[in-house]
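A.B. asks: Please find the sequence and the predicted model below.
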Amino acid sequence: MDKKTVPMTGDEMFKAFFFFVAFIPYICLIYNGINGFIFAFRGAGQFYGFDAIFASLLLSPLIIFVPASIIYQIVYAVKHLPDHPALRIASLISVVCIIAGFIAVTPLSKAKIDFIASKDPDKISEYLSDKYGTNFVEGIKIHKTKNGTRTYNVTTDALKGKYMTVKNEINPKDDYVFSDDLIDMYADPHSPYLSEFSSYLDDKYDMPDNMDIEPDIRFIEYEDYQYGDDYSVLFERTDYSIRGIDVHVAEHTKDSVMDSIDQVYKDIYPSIKDKVDRLLVLYIEDNDYRVVYANIFVIDGEDPYVEIRDDWGSVFGEPVDEYRIDLK
């Protein structure tokens with residue numbers, strides 16, 4: 001009897017089933033190419049089109065499944081397809097569909113990106129209005145940058161000719177998650193705002209003359225403020241954390257360093273602890289501009305302590321990295 005007319009055995013049907021199941025990894029690659037692939041280990045990356053196909057192939061379990069599928073299908077096709085015409089036709093149709101899918105990745109992914117990006121201006125206006133108030137977005141103008149990403153230069157009446165950058169952030173659940181650098185205009189280490197805000201906090205917490213607070217700005221409530229106005233009105237509207245305190249001593253000695261730590265922990269820390277995240281760093285500087293670092297840790301469930309780093313050896317006679325002392 002002609003083998004081509006013999007019905008498939010159970011074992012052959014089982015193998016044929018997995019032959020077609022092995023097309024699923026290719027479908028996954030096509031899906032990722034069209035809808036995008038997000039890789040968020042040690043820095044996020046978002047890819048579309050064939051970049052997404054290659055990224056998902058190299059950076060996901062597909063790097064195992066795709067080669068395994070190819071090998072299994074080649075072996076199966078050589079052994080079994082010549083004996084079963086109907087199976088050959090079904091496999092040919094499947095292959096054509098997969099090839100068509102890969103060809104369609106580029107135009108479909110571009111269409112998806114364009115559709116998402118077309119909503120960015122309205123979403124950006126909504127985002128800035130929610131974050132900084134409706135007054136802030138009056139006269140808003142949004143210009144896409146030329147770097148090919150969803151990054152925009154934004155001006156408003158409140159910025160008076162200055163522009164801020166708004167960009168789309170990576171979020172697997174939302175295509176419209178934005179961030180902006182408006183706070184960075186004020187929180188830059190060299191900005192006069194940060195320097196004067198630090199002085200404002202020194203007065204607020206009655207800091208000694210030889211100590212200055214080092215803040216990190218989290219948020220500023222701008223309300224009706226316009227760029228170029230007296231920014232001191234923003235000090236009370238600024239949300240911040242305190243990352244450290246600059247301490248100046250005439251000379252590094254064990255007594256001067258320990259007295260500084262003791263003074264901060266007992267007299268200053270109680271009034272600022274709500275603004276300290278996990279540790280408070282003291283930068284204890286002498287007249288020669290050498291610095292001793294003292295990290296004060298006050299952690300729930302643990303006794304408070306300080307770790308001292310003295311690269312110069314001016315306090316302990318030799319350089320130390322994590323000299324720990326319990327605080328009382």
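C.D. replies: Nice, thanks for sending it over.
A.B. asks: can I assume Q263 sits in a strand?
C.D. replies: No. Counting by DSSP: H, G, I helix; E, B strand; the rest coil, one finds Q263 to be helix, located in no strand.
A.B. asks: any idea of the mean pLDDT for the stretch of helix or strand A90 belongs to?
C.D. replies: Taking DSSP states H and E as the definition, A90 sits inside helix 85-118. For helix 85-118, mean pLDDT rounds to 92.
A.B. asks: for that helix, packing partners?
C.D. replies: Identification of packing neighbours for helix 85-118 by 3 or more CB pairs under 8 Å, 6 or more residues apart in numbering; DSSP states H and E yields helix 10-21, helix 24-35, helix 49-58. Heads up, the C-betas are built off the backbone N, CA and C, glycines and all.
A.B. asks: Mind giving me the packing neighbours of the last one?
C.D. replies: What it means is helix 49-58. Using 3+ CB pairs under 8 Å, 6+ apart: helix 49-58 touches helix 24-35, strand 37-39, strand 45-47, helix 62-80, helix 85-118.
A.B. asks: closest to N287 out of those?
C.D. replies: Taking CB to CB, strand 45-47 is the member of these nearest to N287, at 47.7 Å.
A.B. asks: Would you format the helices and strands packed on helix 85-118 as TSV with mean pLDDT and mean neighbour count included?
C.D. replies: What follows is the helices and strands packed on helix 85-118, written out as TSV (pLDDT from 0 to 100; neighbours: other CB atoms under 10 Å):
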stretch	mean pLDDT	mean neighbour count
helix 10-21	90	13
helix 24-35	95	19
helix 49-58	91	18
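A.B. asks: closest to H80 out of those helices?
C.D. replies: helix 10-21 (6.7 Å).
A.B. asks: contacting residues around that closest one?
C.D. replies: When contacts are defined by CB atoms under 8 Å, 6 or more residues apart in numbering, helix 10-21 is touched by residues 8, 72-73, 76-77, 80, 84, 87, 90-91, 94.
A.B. asks: Could I get the buried residue list for the helix or strand hosting D184?
C.D. replies: If you go by DSSP H and E, D184 is part of helix 182-187. For helix 182-187, the neighbour count (16 or more other CB atoms under 10 Å) marks 182-183, 186-187 as buried.
A.B. asks: I figured F316 hits D310, correct?
C.D. replies: Yes. Assessed by CB atoms under 8 Å, F316 is found in contact with D310 at 5.7 Å.
A.B. asks: so what sits against both of those two?
C.D. replies: Contacts common to F316 and D310, judged by CB under 8 Å, 6+ apart, are Y323.
A.B. asks: These two: which is more packed in?
C.D. replies: D310 (23 against 15; other CB atoms under 10 Å).
A.B. asks: Check the contact between the more buried one and Y323; I expect there is one.
C.D. replies: Yes. Under the criterion of CB under 8 Å, D310 lies in contact with Y323, with a separation of 7.1 Å.
A.B. asks: what's the overlap in contacts for these two?
C.D. replies: F316.
A.B. asks: Extract the CA atoms of stretch 196-215 and return them as CSV.
C.D. replies: C-alpha atoms of stretch 196-215 as CSV (Å, rounded to 0.1, in the frame of the first residue of the first chain):
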residue,chain,number,x,y,z
GLU,A,196,20.0,80.1,48.1
PHE,A,197,17.5,77.4,49.0
SER,A,198,20.3,75.7,51.0
SER,A,199,20.8,79.0,52.9
TYR,A,200,17.1,79.2,53.4
LEU,A,201,17.1,75.8,55.1
ASP,A,202,20.1,76.8,57.2
ASP,A,203,18.1,79.6,58.6
LYS,A,204,15.0,77.5,58.9
TYR,A,205,16.8,74.8,61.0
ASP,A,206,19.0,77.3,62.8
MET,A,207,22.2,75.7,61.6
PRO,A,208,25.5,76.6,63.3
ASP,A,209,27.7,79.0,61.2
ASN,A,210,30.1,76.2,60.3
MET,A,211,27.4,73.9,58.9
ASP,A,212,25.4,74.0,55.7
ILE,A,213,22.5,71.7,54.6
GLU,A,214,22.8,69.8,51.3
PRO,A,215,19.3,69.3,50.0
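A.B. asks: picking that back up, for the helix holding D184, packing partners?
C.D. replies: Checking 3+ CB pairs under 8 Å, 6+ apart, helix 182-187 ends up next to helix 192-204, strand 211-220.
A.B. asks: got these as a markdown table, with mean pLDDT and mean neighbour count columns?
C.D. replies: A markdown table is the format used below for the helices and strands packed on helix 182-187 (pLDDT from 0 to 100; neighbours: other CB under 10 Å):
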| stretch | mean pLDDT | mean neighbour count |
| --- | --- | --- |
| helix 192-204 | 95 | 15 |
| strand 211-220 | 94 | 17 |
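A.B. asks: Please identify which of the ones you listed is closest to F136.
C.D. replies: Nearest of the helices and strands packed on helix 182-187 (CB to CB): strand 211-220, 10.9 Å.
A.B. asks: after that closest one, next one along is what?
C.D. replies: The helix or strand immediately downstream of strand 211-220 is strand 238-248, counting by DSSP H and E.
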